[in-house]
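>>> Mind folding the following:
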Amino acid sequence: MANEKMSQSPGKESSFFYGYVVVGASLMIMWIMWAGYYAFGVFFKPMLNEFGWTRAMTAGAFSLASMMNALLTIGVGKLTDRFGPRIVMTFAGLILGLGFFLMSQIHSVSHLYLFYGILVGAGMSCAFIPPLSTVVRWFHKRRGLMSGIVAAGSGMGSLTGPPVASLLGSIYGWRVSYAILGCVVLVGVVLLAQFLKRNPEQVGQVAYGEDQIGQQGNPSMAEGLSLRETLHSPRFWVFFPTGFCYGYCVFAIMVHMVPHAIELKISAIKAAYILATIGGLSILGKVLLGKAGDIIGSRYTLMLGFILICVALIWLLPAKTAWMLFVFGGCFGFALGGIAVSHSPLIAELFGLRSHGLIFGVLNIGVMTGAATGPLLTGYIFDVTNSYQTAFLLCAVISFIGIILTVFLRIMKR
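Purely as a prediction, here's the structure:
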């Protein structure tokens, strides 16, 4: 309570800190957006069955969405720095909701690529950077924990999205289900966006713990590097490819886990719950490892996340039964949570807050390039080999590269 009182401007008597509203609204926004996004894996097989497309062709729409995300992400970060999250997230909710709704109307692969690849990809370019870049401006102390709570929204989306999508699909079919998702996303995100404030000064407050940070003489956190200066830093070019490794492994699994489980004769409902397990444990990973990052540093949580992902993917290779896939899902989800929550605080730690959203956007190019490549290449390998084994082995190798990069990042001074 004492810390919260110190986070008020001198003229404010209220002890209520608006930063918690920002955290709550950001959490809910991410929950809604990612729940709709992860429904793609559940509707993957029904679309294959209806249209007779190849897995690579169908997964290509998800990859195109990731490419759109990567192309727009720098602009999103810059717009968030300049205009704040409320305007950016309002437009994101409109575009994403429309994209999901129009998925109910597709009749050709061109429709799939236009509505999901372009519109959904454009909307999802705002699903991570604006909320997390905003939260780090509201908190100096507890930055890792609050980033973890907000980032848990994507885990809550993957926990609830696949089961809800599977239930809706079993009742209404995948087309009506996408129309329902579109309406929920549009209304929910647009309304919640109105509660977002760019920084504490807008409501006459200061960031949580700012007084203590200031007494320690750390102006670099409030100022930091410009994007140009960041791009000349060797640390950034070690950090950047870790985003690709993360995006490749995570989205290859999130798109293809349900089809893989069904290939192993596991029911579609149970397969959706395996995907939900990944989301559920990612929530725990984001909160616990986010808190751990406040204590041991975000570089260690990034390293630990890659180690656990590599172990999980090695476990996946011989896994043939449901319980083994659930074990994989738990370990993989906890690990991806640790990596996801480390990015935003680590950017603040390495490069400061001056251009945080913009730098986060550049990093996200790496993440979404991996997200575009992973599902597409995994689907192609299956089409060629009629098995996911080689594709999952490649994921394990890429996660090991992530471990090596984080070791170098940890020992680098500049």
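
>>> For Ile365, see how far away Pro234 is.
In this view, Pro234 and Ile365 are 18 Å apart by C-beta to C-beta, to the nearest Å. Backbone N, C-alpha and C define where each C-beta goes, glycine included.

>>> Those two - which one has more neighbours?
Comparing Pro234 with Ile365 by other C-beta atoms under 10 Å, the one with more neighbours is Ile365, at 20 against 12.

>>> Please verify my assumption that that one contacts Gly75.
No - using C-beta atoms under 8 Å, Ile365 is not in contact with Gly75, being 11.1 Å away.

>>> Measure how far stretch 98-106 is from the centre of its chain, please.
Offset of stretch 98-106 from its chain centre (C-alpha atoms, centre = their mean, to the nearest Å): 22 Å.

>>> Would you mind writing the CA trace of that stretch as PDB?
Extracted C-alpha coordinates of stretch 98-106, given in PDB (Å, rounded to 0.1, in the frame of the first residue of the first chain):
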ATOM      1  CA  LEU A  98     -14.500  -8.200 -39.300                       C
ATOM      2  CA  GLY A  99     -11.800 -10.700 -40.400                       C
ATOM      3  CA  PHE A 100     -13.200 -13.500 -38.200                       C
ATOM      4  CA  PHE A 101     -16.800 -12.800 -39.300                       C
ATOM      5  CA  LEU A 102     -15.900 -12.900 -43.000                       C
ATOM      6  CA  MET A 103     -14.300 -16.300 -42.400                       C
ATOM      7  CA  SER A 104     -17.800 -17.700 -42.200                       C
ATOM      8  CA  GLN A 105     -18.300 -16.700 -45.800                       C
ATOM      9  CA  ILE A 106     -15.300 -18.300 -47.500                       C
END
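
>>> Near Glu349, how many other residues are there?
Quick note: Glu349 (other C-beta under 10 Å) scores 18 neighbours.

>>> any idea which element it lies in?
helix 322-351 (DSSP states H and E).

>>> Output the contacting helices and strands for that helix.
Helix 322-351 is packed against helix 129-138, helix 143-172, helix 234-263, helix 268-296, helix 298-316, helix 356-385, with contacts defined by 3 or more C-beta pairs under 8 Å, 6 or more residues apart in numbering; DSSP states H and E.

>>> Give the buried residues for the last one.
When neighbours are counted by 16 or more other C-beta atoms under 10 Å, the buried residues of helix 356-385 are found to be 356-382.

>>> got any ranges where the stretch 201-350 of the chain has weak pLDDT?
Applying pLDDT under 70 to the stretch 201-350 of the chain flags the ranges 210-223.

>>> related to what we said a few turns ago, quickly list what's touching both of Ile365 and Gly75.
Contact criterion C-beta atoms under 8 Å, 6 or more residues apart in numbering; residues shared by Ile365 and Gly75: none found.

>>> Now do the contacts for Arg198.
Thr80, Phe83, Gly84, Pro85, Arg86, Thr134, Arg137.

>>> Return the subset of those residues lying in helices.
Thr80, Phe83, Pro85, Arg86, Thr134, Arg137 (DSSP state H).

>>> related to what we said a few turns ago, from the contacts of Arg198, list just the buried residues.
Thr80, Gly84, Pro85, Arg86, Thr134, Arg137.

>>> and the nearest residue to the fifth one once chain neighbours are set aside, what does it touch?
Of all residues not flanking Thr134 in the chain, Pro85 sits nearest, at 4.6 Å (C-beta to C-beta, 6 or more residues apart in numbering). Pro85 makes contact with Ser26, Pro130, Pro131, Ser133, Thr134, Ala193, Leu196, Lys197, Arg198, according to C-beta under 8 Å, 6+ apart.

>>> any idea whether Trp53 is helix, strand or coil?
When classified by DSSP: H, G, I helix; E, B strand; the rest coil, Trp53 comes out as coil.

>>> ok, the residue nearest to it when sequence neighbours are not counted - how many residues close by?
Leaving aside its chain neighbours, Trp53 sits nearest to Val109 (6.3 Å; criterion: C-beta to C-beta, 6+ apart). Other residues lying near Val109 total 15 when counted by other C-beta under 10 Å.

>>> that older thread, are any of the contacts of Pro85 buried, and which?
Ser26, Pro130, Pro131, Ser133, Thr134, Ala193, Leu196, Lys197, Arg198.

>>> All set now, cheers.
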